[in-house]
Each structure stands twice: as structure tokens, then as C-alpha cells.
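*Asks:* The following block contains a protein sequence and its predicted model.
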Amino acid sequence: MNSYSVPKATAELLASGQLPANLLHFVRLLRQLGFRISVSRLAELLQGLILIDLTRRDDFYYTVRACLVTQPDQIPLFDRAFQLFWMGREQWLLTLGATSFQQPARLRQPVLHTAKVKSQAWLGDSCLPPEEAPEQSAPERELATAYSPWETLRHKDFAAMEREELQLVQRWMDALIWRLGERRTRRRIRAYKRTCCLDLSTTMRKSMPHQGEIVHLAWQRSRFKPRPLVVICDISGSMERYSRLFLHFMYAMRQRSKYVETFVFGTRLTRVTQALRHRDIDTALKEVAQEVVDWSGGTRIGESLRTFNYRWSRRVLRNGATVIIISDGWDRGDVALLQHEMDRLQRSCHRLIWLNPLAGAPHYQPLVRGMQAALRYVDEFLPLHNLESLEAIVRRLADPMGRGQRPDSKLLWS
């Protein structure tokens, strides 16, 4: 029997003691948020980490969640805590439970990570030993607990952010846990407990050793797979303030799921799915820049959607895909063509979502002709101008509504 060998990257992180130290700190903060985590569960977590490759973010996330989460309603809070903590900004986690618990004074001081990243592994800047914070007075500690720069950044418009803030937002996108809605397939798989579907063939086969007498019943359940997602982003001149950040948004989704197809358009449509496949974001963005020839130019939404419907829809809209269009609606093309192509696109996909960065303004109204022509064919119309709206989009994509029928056509404003 061959002995199991621990992955090299995992062995290095565990041997250094940095990852276990950060895990203990993460568990302490989860307990303050209301999670009941025993010592035995923490021991099971450390044993499970030996069996995975810690350079794979998804493996690490699901291993930690399986050992520390005990109730389904704890998953949303755990997801947000996981994203903020392992991004190297665990002091922002204080805002999650500000209304549900009082944090001890010894945990109120912010913990900083100052060591440099040693490798390109996503855990590289997260598994670093925390440094001791300088002594602060009680009012300063209270102020550090009450004020969070992260909360201010979450409500700030992308167009008004400085370069350092945009880099922080891009890092947050990379750390985000993306979940696409699921769809019910026609296939069934074996179930180990009683469900609504009886597997007659397996039941009869198991009865043969008992002279045809049915002793055990076999069951089946429906099989679910991630619902495909198609993102079509506007990179025209009117979207110049947002387009580069939205391109990073598309890159983050593409890196987390193989079921994501990405397109950009100005005066013409360009598929950038293959360009965004690279693990190195600089290489991916460089290849996108080489493929796209109409960056920051005019806008012809109708002609771009016609190219998508006639050339790409049959390839990428299989299995009830969800389509997201990111645009401000400014269009110089034919309005009748836009209406015709929007009608065809809506009937070809499971759900059509339009994200408008201008819709986050308090007194916004869709007055431009392109937006007015497209609204009647949109299932959901949502803003995408800050981190709070981006979080709402991620929650909608993971909504169980993806398993059901097409929602009623209506405008959802948030």
C-alpha cells in the first residue's frame, strides 16, 4: 500500500507555523460572530489541510467551511468573513458583527500583515504571522472598532476611487467566492437516502440474490450542474471610467468557473474568453488589449448583439445560460435593431440581466434611447457602481432561483 505524500506547498506552509497561527486567529473571530467551534473541529480541520493542496483556493475554502460551519444559514456570514480575513484585512471583519457581539479589548486592536509575498500562491500574503500592534488608549480602540475604512469604500462609486483604492477593489474581486446558480439536468444519480424517485432497475437487480424478493429499495435524485454565465461588457468611450475595472471583474469570474463566457463590445463584438484564461492577470489583460481594436470608441449595441446572436448564441447559450450585459445604454446605432436583437436574446437565455453603472445615482432615470429600447426585454435591471452593488450581483447569481423557471419580467432596482 502506497503511503500518502503531503503536497510540497502544503508541507512548507504547515511547517512554518504561519498558517496554523492565522487559522487560530480566524477561529477566534468566528466564535465572536456566533459560530460554535470546538477544539475537536479545529483538530479535524488541521488534519484535513494535510490532504489538500493549499495553493488551490477552492480546496482550502471548502475544507475550512466543512469543518467550521454547522448550519446552512451560517454560510453567507462565513463567506464574507472568509473573504475579508484571508485578504489580509481582518480588522474589517469587526464590522460584520458590530450589532451582535461586543468584542474583547484584546481583539479590538487591528492586526497588520507587513511581510512580503514569497510566492504567487493565493495564500502567500495571508499566511503571515501577525505583528504586535502598538498600545492604544481606550477611546482610540473604540474608534477603531466603530470606524471602518472598508465600509466607506463599499459605498464609494468606482469612478470616484483613487488608484490605490481601485487596486484594493481588484484584490477583493480576486478573493471573492463566485457561485453560479444551478440547473436541473435530465440525468439522475444514485441517492443514499429516501427521495421522491425510486430506482426500479437497481432495486430489481439487488433483489436477485433474495429470489426476487425486494429487501432494499434503491433511490435516485436529480443531478444539478452550474448554470452557464455569459458576460457582455461595454468598453466604449462613455464607459471608460468603469471598463477596465469591469474587465477585472470578468477575469475574476472566468478564473473561478469554466462555465463563464466573456465578450466586450464598442462598435463591434469581441470574444475574450480565451484571453482571460491565463492565470497571470497582466498576461491576460495584455492579450485582451491586442484582440480588442475598438477600445474607448463609439457604441453600437444593436449591431454587437446581432453578431452575438448569429455567431455565438448557439455555442454559449446552451443549457439555459444566464446573460449579463454591462453598459450605460448610450447607443449610436439603430434603435429598431437593438429592440429586435434584445427580444431574440431574451428568448434564447434563461435570464437576462442588465447592469448599469449610472443606475446607482439617487435620481437616475433611463432617458437615453438605447436604455429605453432595451428595458422592456430585460428580466432584471440593477446598478453596478460600487462594492455593495457588486455583492448584490454575486448573491443573485448564486440564488436558488436559478433552478426554477424564468422569473417574471420586471425591473428590480436596488
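*Replies:* Received it, and whenever you're ready, just let me know what you need.
*Asks:* residue ranges of the strands in the stretch 201-350 of the chain, please?
*Replies:* 219-226, 229-234, 260-265, 269-271, 322-326 (DSSP state E, counting those that start in this stretch).
*Asks:* a markdown table please, covering the ones you listed and showing mean pLDDT.
*Replies:* Output for the strands of the stretch 201-350 of the chain, formatted as a markdown table (pLDDT from 0 to 100):
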| stretch | mean pLDDT |
| --- | --- |
| strand 219-226 | 85 |
| strand 229-234 | 93 |
| strand 260-265 | 93 |
| strand 269-271 | 93 |
| strand 322-326 | 93 |
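*Asks:* quick one: which of the ones you listed is nearest Ala175?
*Replies:* Checking those against Ala175 by Cβ to Cβ gives strand 260-265 as the closest, at 17.3 Å. Yep, even glycine has a C-beta here, placed from its N, CA and C like the rest.
*Asks:* Take the strands of the stretch 201-350 of the chain and lay them out in CSV including distance to Arg187.
*Replies:* Output for these, formatted as CSV (distance: least, Cβ to Cβ, whole Å):
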stretch, distance to Arg187
strand 219-226, 5
strand 229-234, 21
strand 260-265, 22
strand 269-271, 29
strand 322-326, 21
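*Asks:* Take those strands and lay them out in JSON lines including mean neighbour count.
*Replies:* Compiled in JSON lines, the strands of the stretch 201-350 of the chain are given as follows (neighbours: other Cβ atoms under 10 Å):
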{"stretch": "strand 219-226", "mean neighbour count": "15"}
{"stretch": "strand 229-234", "mean neighbour count": "24"}
{"stretch": "strand 260-265", "mean neighbour count": "24"}
{"stretch": "strand 269-271", "mean neighbour count": "19"}
{"stretch": "strand 322-326", "mean neighbour count": "25"}
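*Asks:* do you know how far the residue nearest the centre of the chain is from His385?
*Replies:* Ranked by distance to the mean C-alpha position of the chain (Cα atoms, centre = their mean), the top residue is Trp178 at 2.3 Å. Trp178 sits 20 Å away from His385, going by Cβ to Cβ, to the nearest Å.
*Asks:* how many neighbours does the nearest residue to Ala359 once chain neighbours are set aside have?
*Replies:* Leaving aside its chain neighbours, Ala359 sits nearest to Pro383 (3.8 Å; criterion: Cβ to Cβ, 6 or more residues apart in numbering). By other Cβ atoms under 10 Å, 21 other residues sit near Pro383.
*Asks:* Just give the closest residue to the residue nearest to the centre of the chain, not the sequence neighbours.
*Replies:* Nearest non-adjacent residue to Trp178, counting by Cβ to Cβ, 6+ apart: Arg256, 4.0 Å away.
*Asks:* Need the pLDDT of that neighbour.
*Replies:* On pLDDT, Arg256 comes in at 80.
*Asks:* go on, Glu388?
*Replies:* 86.
*Asks:* Backbone torsions only: list them for Leu352.
*Replies:* Main-chain dihedrals, Leu352, degrees, to the nearest 10: phi -110, psi 120.
*Asks:* ok so, going back, nearest to Leu23 among the strands of the stretch 201-350 of the chain would be which one?
*Replies:* strand 219-226 (28.7 Å).
*Asks:* which secondary structure elements does the closest one contact?
*Replies:* With contacts taken as 3 or more Cβ pairs under 8 Å, 6 or more residues apart in numbering; DSSP states H and E, strand 219-226 sits against strand 182-191, strand 197-198.
*Asks:* neighbours around the closest residue to Leu24 other than its chain neighbours, how many?
*Replies:* Distances taken as Cβ to Cβ, 6+ apart place Leu42 nearest to Leu24, at 7.7 Å, with adjacent residues excluded. When neighbours are defined as other Cβ under 10 Å, Leu42 has 16 of them.
*Asks:* before we move on, back to that, who are the contact partners of the residue nearest to the centre of the chain?
*Replies:* Listed by Cβ atoms under 8 Å, 6 or more residues apart in numbering, the contact partners of Trp178 are 252-253, 256-257, 394, 397.
*Asks:* Which parts of this structure belong to which domain?
*Replies:* As assigned by automatic domain parsing, the chain contains the domains 8-148, 186-225, 227-403.
*Asks:* What is the longest helix of the chain by residue count?
*Replies:* When the chain is parsed with DSSP state H, its longest helix is helix 240-256.
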